[in-house]
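J.: sequence plus the predicted model coming up.
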Amino acid sequence: MLRQGLRRCVQLRGASIASSLATRQQPSLLQSIERTSRTSLLRTTTHLNAPITRWYSAEAEAAAEPEQSPDANDRPTRFDDLPSLGVHPNLVKNITHGMGYESMSDVQTQTIAPALKGTDLVAQARTGTGKTLGFLIPVLQRMLQEDPSLATRSARYDARSDDIRGIVLSPTRELAEQIAVEAEKLTRGTGLVVQRAVGGTQKSEMLRRCKREGCHLLVATPGRLNDLLEDPRSGIAAPNLAAIVLDEADRMLDVGFKTELQEIVDKLPDVRDKPRQTLLFSATIPKDVVQLAREWVRPDNFDFIQTVSQGEALTHERVKQHLVPCRGWGNVFPALFEVIEKESANRRANPDLPPFKAMVFLPSTAMVDLAADAFNAGFRQSTGLFNLRIHSKLTQQGRTRAADRFRELNSGILFSSDVTARGMDFPNVTHVIQAGPPSDREHYIHRIGRTARQGKEGEGWLIISQTDIGTARHELGGLPIEPNRTIVSAEVDLTAATEDQDRTPVFDTTMDALKRVPRSSLAATYMSLFARVTRQNVRDRVEELKEWFVNGIGLENTPAMSPKTADKLGLRRVEGLNIGYDDDFVNDGSSARDSRGGGGGGGFGGRGLGGRDGGRGGFGGRDGGRGGFGGRDGGRDGGRNSSDPFSNMLESSEGDRRGGRSGGFGGRSGGGFGGRGGGGSFGERGRGGDRSGGRGGDRGGYGGGRERASF
């Protein structure tokens, strides 16, 4: 049975409507629930005996009670069936002939038909499931339904920038561009004009284009749309807004668009004066998404749809995932390039396997550039792999060009920061490699989601330094990540820097390549690696970076950190840190973090160094219970009010979504991958001397001799 949770809220008016429901026997209406107070329910509606803690879709209910749902399977599964739901022939032609689509994905089957009825929608749907068409088709059809003249090409000549009929909000420029391209394909041969409004592009140029060409559907990021709506000189307005979409709603809140979204909804026409349809799509349903739904969605007329089967494994649960533990950060890049060499060679030797196509995620923009430059200097020719890079410091044009080129590649590598971790669809990615720890569990999961899309296979690799093992264990416990000890470069001891030492060819090639990259790139990478240290591991980080830069690359010293930067990061008194100024390295002291709101200062504030708001915050403090996703209240949701039409969404959001914390990654109780107390373990660093179990003698393996199937 599909765990879709379809809940319909319609305002019932008296016995006549209840009678109509019984006569029509439409499953989606028979299973609807009037989510107002119990008193209101008894007073104004006929009680529908449906469960309040879990709602099933029409199809699921039909399977349980077929005699009550004769047409439960009437939702179309093919795009050429859409005319039966009233979809305009021009749209159907563009889908079936222009885009070549025939069958719908499960998400499209579950969302398109309900949305075409005009109700609001809150849909929990993962990326890579076809949800873009799932919301574009209903939105465009609603626009054509309200103004049939828009179906003809001649309507383009009358388009105006102050008469926008549909809006799609996206958290990133790249995803907005991807959506806009799909929308343009859908609207060919019609009078509908699609425009983009995203940050990182020239606002004046966008406004000139809108005034010249007009705009019916605007695909925008929240920051830029809010800026346009509050600027009386922009000429952007939507008095006849028919529909609005919030795509990747959880991501929009995660990157800090909460205020902009609140201001946008206040600037749009009052829904009581001009009714509009709202479609909210989110991969997860944390509390802040539920609150967002309360502000945007009509409480008396919406469906809640889950598109994940009850027994369906999530991508991060079914993809094979490897952990490569490294002695230090000096081993991470050699291990990364060794993985690329081995995996790409394996694909070339096995023609039955898809070609090697990898996304490599790194913690900062500086490290993206460093990894790409080092790969080009040392491995581009030997592997024959074309590579690209994407991060937030590139221009929008540069990012779009790189994304488009990577989509077209049959085989290659994309070095990226988290700007591509969610929502972006790159076909046929076989490997997701994460070099360095992800900022949190959610980022790890969404990165893994770039592979094994649309039923295809893929695998993930996590390559981290010993000093990050504790953080990774804490964040990723319970995930099916298996230690992989086949990468020899991960174990090279930089302190034994002799010619006959067991260095691998890949290791030496990497270090030679790093000597040829700009010193400024090395300095920026060095600074970025202090962005997430804690009081407990900062001295270990200083030590391992010195080993990398001095023993590995062969520099005289590490890049100097200015006193101002050291004070800002709370590192002034850390022993061994090179504080001062060095003309050999051009460094502005920035951490090159690739996130919204760097939150400088804050000393060691909680788990991060500065973090988001001086104390990391982010996904919720770890005191006082989890509080759901980012739970700042402790507990899951306090006492839920059954009269709240949105409250029970939280119960349908994949349980904890973060996976069990027991077991995995050493299970926090020893064993596993070196449970921080077992003998030998993962060679814990000592404070003042050698790593215990490490440098001077035998390392004692990984995990006290106990093999575990997961992290």
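T.: Yep, that arrived. Numbering: from 1, shown residues only.

J.: and the helix or strand residue 366 falls within, what's its mean pLDDT?
T.: According to DSSP states H and E, residue 366 maps onto helix 365-378. Helix 365-378 shows an average pLDDT of 96 in the prediction.

J.: what does it rub up against?
T.: Outside helix 365-378, the residues that touch it by C-beta atoms under 8 Å, 6 or more residues apart in numbering are 333, 336-337, 340, 360, 362, 387-393, 413, 415-417, 435-436, 509-510, 512-514, 516-518, 521-522, 524-525, 527-528, 592, 594. Glycine gets a C-beta too; all of them are placed from N, C-alpha and C.

J.: mind running it again at 6 Å?
T.: 362, 387, 389, 391, 393, 415, 417, 509, 513-514, 516-517, 521, 524-525, 528, 592, 594 (C-beta atoms under 6 Å, 6 or more residues apart in numbering).

J.: likewise for stretch 201-221?
T.: Contacts for stretch 201-221 (C-beta under 6 Å, 6+ apart): 159-161, 164-168, 176, 179-180, 183, 192-199, 234-235, 396.

J.: before we move on, the earlier item: can I get the buried part of the contacts of helix 365-378 as one ChimeraX selection?
T.: In ChimeraX, this line selects whichever of the contacts of helix 365-378 come out buried by 16 or more other C-beta atoms under 10 Å:
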select :362,387,389,391,415,417,509,513,514,517,521,524,525,528,592,594
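
J.: quick revisit: how about the helix holding residue 366: buried residues?
T.: Buried, per 16+ other C-beta under 10 Å, within helix 365-378: 365-375, 377-378.

J.: mind checking what helix or strand follows that helix in sequence?
T.: From helix 365-378, the next helix or strand downstream (DSSP H and E) is helix 380-383.

J.: all strands of the stretch 251-400 of the chain, in order?
T.: In the stretch 251-400 of the chain, the strands defined using DSSP state E, counting those that start in this stretch lie at 277-282, 302-306, 320-326, 357-361, 387-390.

J.: ok, the stretch 51-200 of the chain next?
T.: Using DSSP E, counting those that start in this stretch, strands in the stretch 51-200 of the chain cover 120-124, 166-169, 194-197.

J.: next, the buried residues of the first one.
T.: For strand 120-124, the neighbour count (16+ other C-beta under 10 Å) marks 120-124 as buried.

J.: pick the one among those residues closest to residue 274.
T.: residue 120 (14.5 Å; C-beta to C-beta).

J.: ok, the closest one touching residue 299?
T.: No. With contact defined as C-beta atoms under 6 Å, residue 120 does not count as touching residue 299 (9.0 Å).

J.: circling back: now tabulate the buried residues of strand 120-124 in JSON lines and tack on pLDDT and distance to residue 149.
T.: Output for these, formatted as JSON lines (pLDDT from 0 to 100; distance: C-beta to C-beta, whole Å):
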{"residue": "120", "pLDDT": "96", "distance to residue 149": "26"}
{"residue": "121", "pLDDT": "96", "distance to residue 149": "26"}
{"residue": "122", "pLDDT": "95", "distance to residue 149": "31"}
{"residue": "123", "pLDDT": "94", "distance to residue 149": "30"}
{"residue": "124", "pLDDT": "91", "distance to residue 149": "36"}
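
J.: include distance to residue 187 when you put those residues into TSV, please.
T.: Formatted as TSV, the buried residues of strand 120-124 follow (distance: C-beta to C-beta, whole Å):
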residue	distance to residue 187
120	23
121	21
122	26
123	22
124	27
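
J.: and the furthest pair within those residues?
T.: Farthest apart among these - using C-beta to C-beta - are 120 and 124, which lie 14.5 Å from each other.

J.: what is the mean pLDDT for stretch 448-460?
T.: For stretch 448-460, mean pLDDT rounds to 84.

J.: tell me how far the ends of that stretch are from each other?
T.: Chord length of stretch 448-460, first to last residue, is 6 Å (C-alpha to C-alpha, to the nearest Å).

J.: can you pull the buried residues of that stretch?
T.: Neighbour counts over stretch 448-460 (16+ other C-beta under 10 Å) mark 448-453, 458-460 as buried.

J.: so residue 174 versus residue 554, what's the distance?
T.: Separation of residue 174 from residue 554 (C-beta to C-beta, to the nearest Å): 38 Å.

J.: same drill for the two, tell me which one is more crowded.
T.: A side-by-side neighbour count of residue 174 and residue 554, using other C-beta atoms under 10 Å, places residue 174 first with 21 against 12.

J.: so what's residue 114 up against?
T.: Listed by C-beta under 6 Å, 6+ apart, the contact partners of residue 114 are residue 303.

J.: okay, and the nearest residue to residue 324 once chain neighbours are set aside sits in which element?
T.: Nearest residue to residue 324, sequence neighbours excluded (C-beta to C-beta, 6 or more residues apart in numbering): residue 463, at 4.4 Å. For residue 463, the element it lies in under DSSP H and E is strand 459-465.

J.: and the protein, what are its domains?
T.: Taking automatic domain parsing as the domain assignment, the ranges for the chain are 7-68, 79-306, 314-500, 518-616, 669-711.
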